[in-house]
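Trainee: Turn this into a structure:
(chains A and B)
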Amino acid sequence: MAYSDKVIDHYSNPKNVGTLDKSKANVGTGLVGAPECGDVMRLQIEVDEESGLISDAKFKTFGCGSAIASSSLATEWLKGKTVDQALSIDNMDIVEELNLPPVKIHCSVLAEDAIKAAINDYRVKNGLPELVAEKKAH
Amino acid sequence: MELKLPVYLDNNATTPMDPRVLEAMLPYFTEKFGNAASRNHSFGWVAEEAVDYAREQVAKLINADPKEIIFTSGATEADNLAIKGVYEMYASKGNHVITATTEHKAVLDTCKHIEKTGGQVTYLNVKEDGLIDLEELEKAITPKTILIAIMYGNNETGVVQPIREISKIARRHGVLFFTDATQAVGKIPVDVNADGIDLLAFSGHKMYGPKGVGALYVRRKNPRVKVTSQMDGGGHERGMRSGTLNVPAIVGFGKACELCMNEMESEAARLSKMRDRLENSLMELEETYVNGSTEHRLPHVSNISFKYVEGEGLMMGFNKNIALSSGSACTSASLEPSYVLKALGLGDDLAHSSLRFGLGRFTTDDQIDFTIDAIKSTVTKLREMSPLWEMFKEGVDINAIEWAHH
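Mentor: Next comes the predicted model:
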């Protein structure tokens, strides 16, 4: 199976690899997937408390090239958005942007799950109720 | 010599054809095009003579008699013919077959097929090193057992089973012994008599011959073994496999066997030295594990897990320049990693993190150097990007985390 140029680009030059301080109140961390399934994503957002915008986003991913690319793309999209705007990122947007084939759609679902998990972590830390995400098939 | 890219290290999947094999084959596509079954003109005689010669070359490599060689379309067909053929031929004696969980799909799926038609199959587990337990094998034998089907060398790990011990057990109980020796023949000495093998499957394209040709060895004496044909027609191959012989491919297969016969010993020494160098260099990376026995192993194979890095993601780092296989299943719809590695007791995480190296006749030292560098740097880069590696480094117990399985 050949990867799209965009997947190869994100894989070769991943954006925003790294770790934010998860103990900070304005940092939300989402850890999704499982080693047994062959992919684990950790996605973090840092929210600027004054503007309410996501000022930084970082990821680390154990997985195939599509999983790495999906999380790299997600961090790019997250930066500069409000938390509410970030919630609207749909896995199919990732599929489209990266030209993921059907067997790799689960990578995009995982990235969307990671975004939602990071936002929920942020919300809980800041006294907001957890959002119940609609369950997507992996 | 200049480094030749891309590097091909997937010789367990298929091997490039040796140019000397191609040269031997070429006349049989054009001027020597006869049907080996045409008994009444020179075109047929020429083809028949070529097939006879190839049959001798093939037989010699495994120390068989040429009459014991049944040409097939490949090892999958030979596996089918051996298992289904014995099952049907010896139906009056019993219906039980013993095999192992790490066999090739061509054996496992054929066993599943005979189960559907009323057969009984025991699937032996393997030990951590990939070897079957001989005591367990012997215990599995019942008065209904007609066949033991255990492979010679494994396609994923290269692990070589204790063939002579298995055949002794089979003999002792009057059970036939079939081995899929696709990965072993031409790589290590295989001798059907010294090894006590009754049926043996192998293939041309795994030993620098053409695709689409293989053979089933069927013992003719002590004991005389017969299989029920699975392909009916003109009664070719002593009635066991009908169908016009693929003369050019058979000629190529014969030539490939001859070359292996002559070069196997020095080649095995060269490849195991290169393989060990590759393996030892890669093992310098932390949390890296060789899968399967390193003692009982084909000389050109190594299967290594790089913990905390996913195999397919790893391959993407160099697959423009290096061709190899992974036990990861990221591309398959099931997301299930290698069943062979799981049978060795590897967790899914380690199975997902594995690479299979299959060196071959055309692998050079330069290519191994290149591969070592490329894999080391990619593993290091991906670990920097792996949340699991970070947790490992921080002393977090990854197994204690409740992962959301999907």
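Trainee: So, low pLDDT: which residues of chain B?
Mentor: B:1, B:329-335, B:405-406 (pLDDT under 70).
Trainee: Please repeat the previous calculation with a cut-off of 50.
Mentor: Chain B contains residues with pLDDT under 50 at B:331.
Trainee: show me where the stretch 301-406 of chain B has strands.
Mentor: B:301-306, B:322-323, B:325-326, B:354-358 (DSSP state E, counting those that start in this stretch).
Trainee: who are the neighbours of the second one, in terms of helices and strands?
Mentor: Using 3 or more C-beta pairs under 8 Å, 6 or more residues apart in numbering or on different chains; DSSP states H and E as the contact definition, the elements that strand B:322-323 packs against are strand B:7-8, helix B:365-384. C-beta: built from backbone N, CA, C; applies to glycine.
Trainee: thinking again about what came up before, could you say which of the strands of the stretch 301-406 of chain B is packed most deeply?
Mentor: Mean neighbour count (mean count of other C-beta atoms under 10 Å in any protein chain shown) peaks for strand B:354-358 among the strands of the stretch 301-406 of chain B, with a mean of 26.
Trainee: helix or strand for the closest residue to B:Arg361 other than its chain neighbours, which one?
Mentor: Leaving aside its chain neighbours, B:Arg361 sits nearest to B:Tyr208 (5.8 Å; criterion: C-beta to C-beta, 6 or more residues apart in numbering or on different chains). For B:Tyr208, there is no host helix or strand (DSSP states H and E).
Trainee: and what of A:Gly28?
Mentor: strand A:27-34.
Trainee: A:Ile115 now?
Mentor: Counting by DSSP H and E, A:Ile115 is part of helix A:105-125.
Trainee: now A:Ala25
Mentor: Judged by DSSP H and E, A:Ala25 forms part of no helix or strand.
Trainee: Distance of it relative to A:Val124?
Mentor: 11 Å (C-beta to C-beta, to the nearest Å).
Trainee: ditto for A:Asp5
Mentor: From A:Asp5 to A:Val124 the distance is 39 Å (C-beta to C-beta).
Trainee: Who has more neighbours out of the two?
Mentor: A:Val124 (13 against 10; other C-beta atoms under 10 Å in any protein chain shown).
Trainee: how distant is stretch B:254-270 from the center of its chain?
Mentor: 17 Å (C-alpha atoms, centre = their mean, to the nearest Å).
Trainee: Buried residues, it. List them.
Mentor: B:Gly254, B:Lys255, B:Ala256, B:Cys257, B:Glu258, B:Leu259, B:Cys260, B:Met261, B:Met264, B:Glu267, B:Ala268, B:Arg270 (16 or more other C-beta atoms under 10 Å in any protein chain shown).
Trainee: from these, which is closest to chain A?
Mentor: B:Ala256 (30.6 Å; C-beta to the nearest C-beta).
Trainee: got the residues of chain A near chain B?
Mentor: A:1, A:3, A:8, A:11, A:14, A:17, A:19, A:31-42, A:60-68, A:103, A:106, A:138 (C-beta under 8 Å from any C-beta of the partner chain).
Trainee: which among the residues you listed end up buried?
Mentor: With burial judged by 16+ other C-beta under 10 Å, the buried subset of those is A:3, A:11, A:14, A:17, A:31-42, A:60-68, A:106, A:138.
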